[in-house]
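**Q** Structure, please.
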Amino acid sequence: MPSISRRDFLKGAFATAATAVVTTSLPSVAFADDKANEALQTVPSEPVPLNPQDYNIAECTIEDFSKSEFFKPWKFGPLTVNGKLIKSAAGSNYLPGVSPEEVADEYGTFARNGIALVWVEDFVNLYSKYPALYKVLTRETCEEHLKQLTTAVHDAGGLVGYQLSQMGAQYSGFDPAEHEQFAGAEAQDLTKEEIAAVIEEFADSALFLKEHGFDAVEINAAGNNIGQAFLSRNRNKRTDEYGPDTPENRARFVTEMIQKIHELCGDDFPVQVLINGIEEMDKNIGQNYLMTTVAENKAICKILEDAGAASLHVRIGPCGQHVAEFAADMYFTGYGIDGTTGYGTQFDFSRHFQGKLRANHGGYGLMLDVAKELKSAVSIPVGTVCCLDPARFPDYFSQALEDGCCDFMLLTRPLQVDPEYAQKLKENRRDEIAPCTRCMHCHFDYDEQGNFYEHCRVNAAHMRAHKEAMPEGRIPNKTENPRKVMVIGGGPGGMEAARIAAQAGHDVTLYEKNGYLGGLLIFANAVKGPHENLDNLRKYLIRQLEVKGVNVVTGKEVDTAFIQSEAPDVVILAAGGKRDTLGLKSTAGTNVVAMDDLMSAEIGQNVVIVGGNAQAVDTAMYLLAKGKNVQIVTPEDSALLGKGHSNWVKTFEVPAITAKGARIWQNATVKSVGDGEVVIDGGYAVEQTIACDTVIEAMDMLPNKDVLDGLTGIETYAVGDCEHPFNIAEAINNANLVARYL
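**A** Predicted coordinates:
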């Protein structure tokens with residue numbers, strides 16, 4: 001099998017490059033022979049995409065972030081909020097087993113680190129008549145949770161609000177068979193008695209929350225929640241005063257809720273309303289007859305203000321893909337398919353969503369222009385969401401605030417990745433902020449065995465701190481017995497292990513055989529493109545090695561003899577997995593290419609990718625964007641296609657791949673390589689001959705622990721792909737857990 005060193009790969013990776021795409025956002029960290037930084041600046045030329053993207057908005061001219069727009073105060077009803085970076089009401093604290101300590105630590109940490117207003121997701125079943133089945137806590141069992149949560153935020157000097165929602169509740173007229181498209185009841189499903197009961201329950205819940213220390217409430221009238229069913233014509237077929245005929249009628253349900261809350265809680269208890277700022281049909285693309293326009297929403301926003309809303313929170317409103325309602329950057333998942341709907345179709349952002357989305361920056365600031373239009377209709381503050389990341393694009397987002405696009409910005413995922421995000425930004429430590437890679441492992445994801453769990457690719461402590469795996473919490477305990485630790489491998493797992501071990505107080509040296517750090521992050525960034533922010537992850541981890549005082553040696557291949565000569569107390573092997581091979585030879589008409597050689601090899605027009613993992617799918621998407629004909633031959637069932645990706649990435653990428661003409665051969669193998677063709681067993685005991693001038697070996701990697709064989713008297717661990725090849729998230733998680741318990 002032909003092979004190529006990683007140094008050679010980086011020298012020739014993009015020799016035919018023609019189009020520059022800047023993916024760097026933080027200052028480059030000069031570290032050893034960092035050739036990777038040069039190689040990641042260009043990609044090969046390709047057809048002009050439907051929705052061209054520009055990531056070259058990373059300029060930073062702000063000298064002192066503490067005096068920037070991000071940390072200026074604003075008025076929220078009678079309250080003063082000392083900063084414009086707000087934690088939105090999204091999280092996972094409704095999951096079974098959540099403890100009061102865990103809730104308090106998560107939200108208190110945000111407040112301690114500069115988030116002035118923390119919104120909490122509706123994780124308690126506050127409603128007796130129409131409860132949501134997925135919530136575990138009740139009024140009777142939540143007392144300690146709420147007490148510790150509000151105390152933690154207030155002790156940190158922050159404000160705390162609670163989002164009221166009722167997604168998933170069922171009413172007398174609800175028939176799931178009639179609402180397949182929408183994950184919730186529609187307005188006509190409620191009788192007038194039920195409308196009155198829901199309004200009463202929301203107001204009573206607001207009073208309960210006020211009595212338990214909350215400073216404000218937010219009514220979720222967006223997405224699939226019951227409030228949106230009245231505001232949006234697509235879910236409102238009523239013929240009475242709550243029907244869709246006028247903005248006043250559509251807003252009546254929510255305005256009566258606002259008024260009832262004020263009646264019980266007083267006018268000095270602020271109510272924020274979350275609405276869809278603009279709507280679009282994604283499941284049946286372009287069928288927008290009943291989708292709410294910005295002009296309609298301007299009228300509705302004014303009505304909500306007049307009813308007593310203290311502020312508005314506006315987000316995007318697709319109809320089929322619930323995840324895109326709060327993570328609309330999923331539309332930009334996958335190389336070259338910006339605008340993918342998750343249904344195998346593609347938005348044309350110059351036309352869809354009325355052409356009003358700021359959709360040329362990978363989803364960053366997607367709703368800013370819509371928010372500005374809605375803001376022009378009211379005098380109360382307006383905030384927005386949809387992939388806001390001031391640390392990555394400081395001038396871009398600062399200018400949006402200065403231009404009056406919005407009054408505050410709501411974030412969740414960047415804060416879950418790095419709970420110290422705001423404080424580091426305020427202290428001008430932007431290069432120390434862990435970046436969100438928009439992978440969506442954090443939301444309704446599944447582990448390798450198909451078990452439901454949520455985690456974070458970058459922050460191994462998210463949803464694990466204060467649980468069995470990490471009872472000590474997010475920060476590892478300082479060791480009372482410092483040890484000499486050798487980490488072998490400079491990929492994400494190795495760098496994370498070194499970072500955590502050093503943070504715990506050990507003497508750590510990391511060895512990397514190449515002249516640069518990053519491992520497979522370099523390859524992943526090349527085939528994925530800038531969407532997942534993996535070059536910034538690489539830079540962040542390198543910077544952390546400097547901050548934590550790790551001694552780094554590059555260009556050094558470690559063997560057993562060297563380990564013995566250095567005599568460390570502990571060895572953590574993070575050398576990555578071995579590449580498997582088909583054992584087939586190239587012919588005159590068909591080239592067999594190892595995955596590591598992808599960027600430097602000549603790739604023909606008809607490509608067969610062998611393997612069904614995340615790397616195989618990313619490679620397929622990359623080559624389809626270049627105009628190649630791609631087929632995937634996977635030895636597994638197609639349900640496992642893209643394993644290693646989050647559930648949501650697969651949801652958006654796989655339909656796009658097949659829609660672009662890629663054929664998936666499941667339960668199949670390549671039997672032989674001919675001259676311009678290959679023979680495969682197509683999984684049905686029938687051999688198929690298909691045109692192919694390039695075979696790419698993208699099979700699952702194999703463990704790679706040989707260097708540990710024969711070591712004596714040294715404590716050893718293997719983490720990441722060299723122990724169990726899977727994905728970046730598990731490599732970082734495994735490395736973190738091993739290093740914190742040395």
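
**Q** from the middle of its chain, how far away would stretch 168-187 be?
**A** 28 Å (Cα atoms, centre = their mean, to the nearest Å).

**Q** likewise stretch 112-127?
**A** 20 Å.

**Q** what do you get for stretch 588-605?
**A** The answer for stretch 588-605 is 32 Å, by Cα atoms, centre = their mean.

**Q** So which bits of that stretch are buried?
**A** Across stretch 588-605, burial judged by 16 or more other Cβ atoms under 10 Å covers 590-601, 603-604. In this view, the C-beta of every residue, glycine as well, is placed from N, C-alpha and C.

**Q** do the same with stretch 385-401
**A** Applying 16+ other Cβ under 10 Å to stretch 385-401 flags 385-394, 396-401 as buried.

**Q** Rank those by pLDDT and give me only the lowest.
**A** Within the set of these, pLDDT is lowest for residue 386 (89).

**Q** That one against residue 316, yeah?
**A** Yes: contact criterion Cβ atoms under 8 Å: residue 386 and residue 316 qualify, at 5.7 Å.

**Q** anything in contact with each of the two?
**A** Residues touching both residue 386 and residue 316 (Cβ atoms under 8 Å, 6 or more residues apart in numbering) are 328, 366-367.

**Q** before we move on, back to that, keep only those of the buried residues of stretch 385-401 that are in helices.
**A** 394, 396-401 (DSSP state H).

**Q** of these, closest to residue 178?
**A** residue 400 (40.8 Å; Cβ to Cβ).

**Q** Enumerate every residue touching the residue nearest to that closest one when sequence neighbours are not counted.
**A** Leaving aside its sequence neighbours, residue 400 sits nearest to residue 368 (Cβ to Cβ, 6 or more residues apart in numbering; 5.0 Å). Taking Cβ under 8 Å, 6+ apart as the criterion, residue 368 is in contact with 358, 384, 400, 405-406.

**Q** Confirm that residue 695 sits in a strand.
**A** Yes: under DSSP: H, G, I helix; E, B strand; the rest coil, residue 695 falls within a strand.

**Q** May I have the beta-bridge partners of it?
**A** Counting by DSSP bridges, residue 695 is bridged to residue 592, residue 608.

**Q** That one contacts residue 590, correct?
**A** Yes: taking contacts as Cβ under 8 Å, residue 695 lies within contact range of residue 590: 6.3 Å.

**Q** overlap in contacts of those two?
**A** Residues touching both residue 695 and residue 590 by Cβ under 8 Å, 6+ apart: 673, 678.

**Q** Just read off the phi/psi values of the residue lying closest to residue 329 once chain neighbours are set aside.
**A** Nearest residue to residue 329, sequence neighbours excluded (Cβ to Cβ, 6+ apart): residue 363, at 3.3 Å. The phi/psi pair for residue 363 (degrees, to the nearest 10) reads phi 100, psi -10.

**Q** Settle this for me: residue 363 is touching residue 328, isn't it.
**A** Yes: contact criterion Cβ under 8 Å: residue 363 and residue 328 qualify, at 5.9 Å.

**Q** Need the overlap of contacts for those two.
**A** Applying Cβ under 8 Å, 6+ apart, one finds that residue 363 and residue 328 are jointly contacted by 386-387.

**Q** of those two, who's got more company?
**A** Legend: neighbour count by other Cβ atoms under 10 Å for residue 363 and residue 328, higher for residue 363 (26 against 23).
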